[in-house]
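>>> any chance you could fold what I've pasted below:
(one chain, ligands or ions: 1)
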Amino acid sequence: MQKGKKNEAIGIFDSGIGGLTVSKEIINLLSGEDIVYLGDTARVPYGTKSGRTVRKYVESTTNFLLSKNIKLLVVACNTASAYAIEMLKETLEIPIVGVVEPGAKRASELTINGKIGVIGTQATIKSGSYEKKLRDICSSPIKIYSKSCPLFVPLAEEGWENEETSALIAEKYLGELRESGIDVLILGCTHYPLLKNTIAGVMGKGIRLVDSAEETAKQTENILRSQGLLRKDGKAQQMSFYLTDDSETFTSIASRFLGRPMEKTEVVDIV
Ligand code: DGL
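Coordinates of the predicted model:
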C-alpha cells in the first residue's frame with residue numbers, strides 16, 4: 001500500500017531516454033518537486049515488444065520507483081502507457097499519469113474538423129490506445145489516422161533533427177497523413193518532441209502538433225494540486241537518474257533530451 005505525501009518525489013520511467021522529454025517539462029513546470037527517473041536501458045526498446053512483455057517490464061520498473069517512496073508515478077513512455085496503464089491504475093494507490101490520455105485530450109480540444117493523426121512506435125499504434133482514448137473523450141464524430149514511424153527513435157537519438165535525411169524520412173512517413181486532411185497530429189512517442197521542427201516542416205502550418213510531454217506535465221501539476229500533494233517547503237529540487245544498464249552514449253544524448261546537463265546516473269538491477 002502506497003500513500004502519497006507532499007514531500008515525496010515524483011517517479012518517472014521510460015524504456016530509456018525518451019521519457020526525459022517528459023521529465024524536462026515536469027522539471028520546468030514543477031520546479032519545487034523532486035524527481036526520480038528510471039530509464040530501463042537494459043531492455044529498451046519497448047516499442048517493438050508484445051503487450052505481455054511490456055506489462056512485465058512495467059511491473060519491475062514500477063516496483064523500483066515505489067521503493068523510492070514516490071507520491072505520483074508518471075509513465076513517460078507511450079508504449080508502456082498503451083499496454084500497462086490500466087493494470088497500474090488497478091493495483092497502485094498513488095496517482096498515475098500516462099502520456100496517452102493527456103495527448104488525446106489536448107488533440108480533442110484542438111481539432112476543428114475532427115480529423116486527428118497519431119504517430120508512434122509500432123507497439124503503440126498496434127495497441128489502438130490513442131484511438132480508444134480519443135473515441136472515449138470526443139463527443140462529436142471523429143476520424144483517426146495512425147502511422148508508426150519507427151525510424152524517428154534512432155533519428156532523435158542521433159541528434160539528426162536538422163538533417164535533410166530526417167526531413168526525407170519524415171516526408172515518406174507523413175506525406176499521406178498530411179494529404180488525409182487532418183488538422184491535428186499527436187506526437188505519440190516520447191522521442192518525437194526532439195523532431196518537432198522536422199515534423200512541423202513536413203506537415204505544414206495548418207496542422208497543429210500535440211506534444212504529449214507538455215500535456216503530461218500539465219496533467220501532473222493538475223493532479224498534484226487537486227490532491228493537495230504539491231510540495232511547498234521551498235527546498236531546492238533534487239533529481240536522481242537511474243538506469244538498468246550502463247551506456248557510453250546515454251549521458252550526452254540524455255542531456256539533449258533533458259535540455260540541461262545530465263547529472264550523475266546510477267545503474268541498478270531491477271526485478
Ligand atoms: N519511449 C518509447 C515510447 O514513447 C519509445 C522508445 C521505445 O521503443 O522503447 O513509446
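>>> which parts of the stretch 1-150 of the chain sit against the ligand?
Applying Cβ under 6 Å from any ligand atom, one finds that the stretch 1-150 of the chain approaches the ligand through 14, 15, 18, 44, 45, 46, 47, 77, 78, 79, 121, 124. C-betas here are computed from N, CA, C, even on glycine.
>>> tally up the residues packed near the closest residue to residue 79 other than its chain neighbours, please.
Distances taken as Cβ to Cβ, 6 or more residues apart in numbering place residue 46 nearest to residue 79, at 4.2 Å, with adjacent residues excluded. For residue 46, the neighbour count with other Cβ atoms under 10 Å is 26.
>>> from memory residue 46 sits against residue 123, does it?
Yes. If you go by Cβ atoms under 8 Å, residue 46 and residue 123 touch, sitting 6.6 Å apart.
>>> mutual contacts of those two, please.
54, 79 (Cβ atoms under 8 Å, 6 or more residues apart in numbering).
>>> quick one: low-confidence parts of the stretch 151-271 of the chain?
For the stretch 151-271 of the chain, no stretch is flagged by pLDDT under 70.
>>> mind listing what's buried in stretch 84-98?
Neighbour counts over stretch 84-98 (16 or more other Cβ atoms under 10 Å) mark 84, 85, 88, 94, 95, 96, 97, 98 as buried.
>>> how close does the fifth one get to residue 249?
Distance of residue 95 to residue 249, computed by Cβ to Cβ, to the nearest Å: 33 Å.
>>> which stretches of the protein form helices?
Counting by DSSP state H, the chain has helices at residues 19-29, 51-66, 78-91, 100-110, 122-127, 129-137, 152-158, 164-179, 196-203, 212-226, 250-258.
>>> what separation is there between residue 119 and residue 130?
10 Å.
>>> kindly report the same for residue 242.
29 Å.
>>> ditto for residue 193
Distance from residue 193 to residue 130, by Cβ to Cβ: 16 Å.
>>> compute the first-to-last residue distance for stretch 25-33.
12 Å (Cα to Cα, to the nearest Å).
>>> just to revisit the earlier point, quick one: common contacting residues for residue 119 and residue 130?
In terms of Cβ under 8 Å, 6+ apart, residue 119 and residue 130 are both contacted by the residues 146, 186, 188.
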